[in-house]
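Colleague: got a sequence here, can you model it:
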Amino acid sequence: MADSTPSQSSMDRRSSSWPLGLLTLILAPVAAAMLLYQLDPYDPAPVPIHEFSQQPMVVPKLNPRMLQGSEMIGVGKLLSPEDIAYHPDSHLIYTGCDDGWVKRITLNDSMVQNWAFTGGRPLGVALGRHGQLVVADAEKGLLEVTADGMVKTLTDEAEGLKFKLTDGVDVAVDGMIYFTDASYKYGLKEHIHDILEGRPHGRLMSFDPSTKETKVLVRDLFFANGVVVSPDQNSVIVCESVMRRCLKYHIQGERKGSVDKFIDNLPGPPDNILYDGEGHYWIALPMGNSLAWDLALKYPWIRKVVAIMERYKVRPHIEKMEGFWLLIWKENQLHIIMILVCQRFQVE
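Modeller: Numbers count the residues shown, from 1 in each chain. Okay, the predicted model is just below:
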């Protein structure tokens, strides 16, 4: 009978080949990833992190009295509401949602109505002087919705550049409309690539309803976001998300046309901003700062890796917290007085 036991030489060959196979198994995907990185044309730029002049503000993360006496409105009926506009006479709230509808909510019974369909993604909303609603739609541009829900486009380009991500809006007492285009390069679905690229594609603009003129007021903003006119009508505050700050653009007085810092070193990227009529600015932060995000801002190669991973739907989540801050303007200084961290939840 033939001996079925493998020869010593074949066993030696197998034992010597498995480390090589393991090494190939490890190095092959690394080599493929390096090749993919080198061939990918995405080229992030350095972010001017030197403008982060100091450590972010540190305040308590929860005010236990914040929600006392509050009421949840539209639970389960509002898909990712963004901005809000409140009409004090009719007690109606307007908000833009992810399904393309501007919703109208009645306060006395919390009834939610599909009021106006933009066909895009309504983000910022603000009441106009004559009962109309002005909407910054990420996909459609700057829109006007009449009292009966009819939608028309006011403007969708400036200086030959189409808006790609119309974001925040507010209306001054004189009727001038101030709004932002977060990026003239990337749309809403690709907005993460605008942030990761590290180049300033955002703009603050004005639209004059009487002349139909669209004017660029401030260029080269790192993801221009929420906007609000100051109560004295002398300036416009705009959120610059990537730079974790809000800027003040002067629209009246001796400093007309100049830009100052309003507040910086926020503990996260400012998204939206509202003035409540009682001396308070509310600034929403969709996430907080984190070590991972700080490193990504510092090193462009990290942002390129993250962008490639995003393209293949395997991007790691480096977001930290959700919430909003309450800031008070007092004696020409801005003070943070509280923060509420909102956790995600699912309505059964």
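Colleague: ok, now which ones touch residue 260?
Modeller: Contacts for residue 260 (Cβ atoms under 8 Å, 6 or more residues apart in numbering) come out as 247-248, 250. The C-beta positions use only the backbone N, C-alpha and C, and glycine is treated the same way.
Colleague: can you do 10 Å?
Modeller: 235, 247-250 (Cβ atoms under 10 Å, 6 or more residues apart in numbering).
Colleague: buried subset of those?
Modeller: Among these, those buried by neighbour count (16 or more other Cβ atoms under 10 Å) are 235, 247-250.
Colleague: and those, which two are furthest apart?
Modeller: 247 and 250 (10.5 Å; Cβ to Cβ).
Colleague: anything in contact with each of these two?
Modeller: 235-236, 259-260.
Colleague: and these, which is closest to residue 41?
Modeller: If you rank these by distance to residue 41 using Cβ to Cβ, residue 259 comes first, at 32.8 Å.
Colleague: what's the distance between the closest one and residue 265?
Modeller: Per Cβ to Cβ, to the nearest Å, residue 259 is found 17 Å from residue 265.
Colleague: closest to residue 122 out of the shared contacts of residue 247 and residue 250?
Modeller: Closest to residue 122, out of all of the shared contacts of residue 247 and residue 250 and judged by Cβ to Cβ, is residue 236, at 20.7 Å.
Colleague: with secondary structure added, can I get the buried ones among the contacts of residue 260 in JSON lines?
Modeller: Formatted as JSON lines, the buried ones among the contacts of residue 260 follow (DSSP: H, G, I helix; E, B strand; the rest coil):
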{"residue": "235", "secondary structure": "strand"}
{"residue": "247", "secondary structure": "strand"}
{"residue": "248", "secondary structure": "strand"}
{"residue": "249", "secondary structure": "strand"}
{"residue": "250", "secondary structure": "strand"}
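Colleague: let me know the closest of the residues you listed to residue 179.
Modeller: Closest to residue 179 out of the buried ones among the contacts of residue 260 is residue 249 (12.3 Å), distances taken as Cβ to Cβ.
Colleague: isn't the closest one right next to residue 258, touching?
Modeller: Yes - look at residue 249 against residue 258 with Cβ atoms under 10 Å: they come within range, at 7.7 Å.
Colleague: joint contacts of those two?
Modeller: residue 235.
Colleague: how much space separates the most centrally placed residue in the chain from residue 117?
Modeller: In the chain, the centroid-proximal residue (Cα atoms, centre = their mean) is residue 271; its distance is 4.9 Å. Between residue 271 and residue 117 the distance is 24 Å, computed by Cβ to Cβ.
Colleague: and what of residue 178?
Modeller: 25 Å.
Colleague: so for these two, which sits in the more crowded spot?
Modeller: Applying other Cβ atoms under 10 Å to residue 178 and residue 117 shows that residue 178 carries more neighbours, namely 24 against 14.
Colleague: so who does the closest residue to that one other than its chain neighbours touch?
Modeller: Of all residues not flanking residue 178 in the chain, residue 236 sits nearest, at 4.9 Å (Cβ to Cβ, 6 or more residues apart in numbering). By Cβ under 10 Å, 6+ apart, the contact set of residue 236 is 170, 172, 176, 178-180, 204, 206, 217-218, 227-230, 247-251, 259, 262.
Colleague: the helix or strand where residue 236 lies - what's its average pLDDT?
Modeller: Using DSSP states H and E, residue 236 maps to strand 235-240. Averaged across strand 235-240, the pLDDT comes to 97.
Colleague: from residue 270, how far out is the closest residue to residue 47 other than its chain neighbours?
Modeller: In space, residue 47 comes closest to residue 198 once its chain neighbours are excluded; the distance is 4.5 Å by Cβ to Cβ, 6+ apart. Per Cβ to Cβ, residue 198 is found 18 Å from residue 270.
Colleague: and those two? Which one has more around it.
Modeller: More crowded of residue 198 and residue 270, by other Cβ under 10 Å: residue 270, with 27 against 20.
Colleague: isn't that one right next to residue 228, touching?
Modeller: No - counting by Cβ under 10 Å, residue 270 does not reach residue 228; the two are 11.1 Å apart.
Colleague: residues shared between the contacts of those two?
Modeller: What both residue 270 and residue 228 touch, as defined by Cβ under 10 Å, 6+ apart, is the set 237-239, 246, 283.
Colleague: pull the most distant pair out of those residues.
Modeller: Greatest spacing in those, by Cβ to Cβ: 238 and 283 (11.6 Å).
Colleague: tell me which of these two has more neighbours.
Modeller: Between residue 238 and residue 283, residue 238 has the larger neighbour count (other Cβ under 10 Å), namely 31 against 25.
Colleague: show me what contacts the more buried one?
Modeller: Counting by Cβ under 10 Å, 6+ apart, residue 238 touches 167-168, 170, 178-180, 202-204, 217-218, 221, 224-228, 245-249, 259, 262, 270, 273.
Colleague: in strands, which of those appear?
Modeller: Among those, the members found in strands (DSSP state E) are 167-168, 170, 178-180, 202-204, 217-218, 221, 224-228, 245-249, 259, 262, 273.
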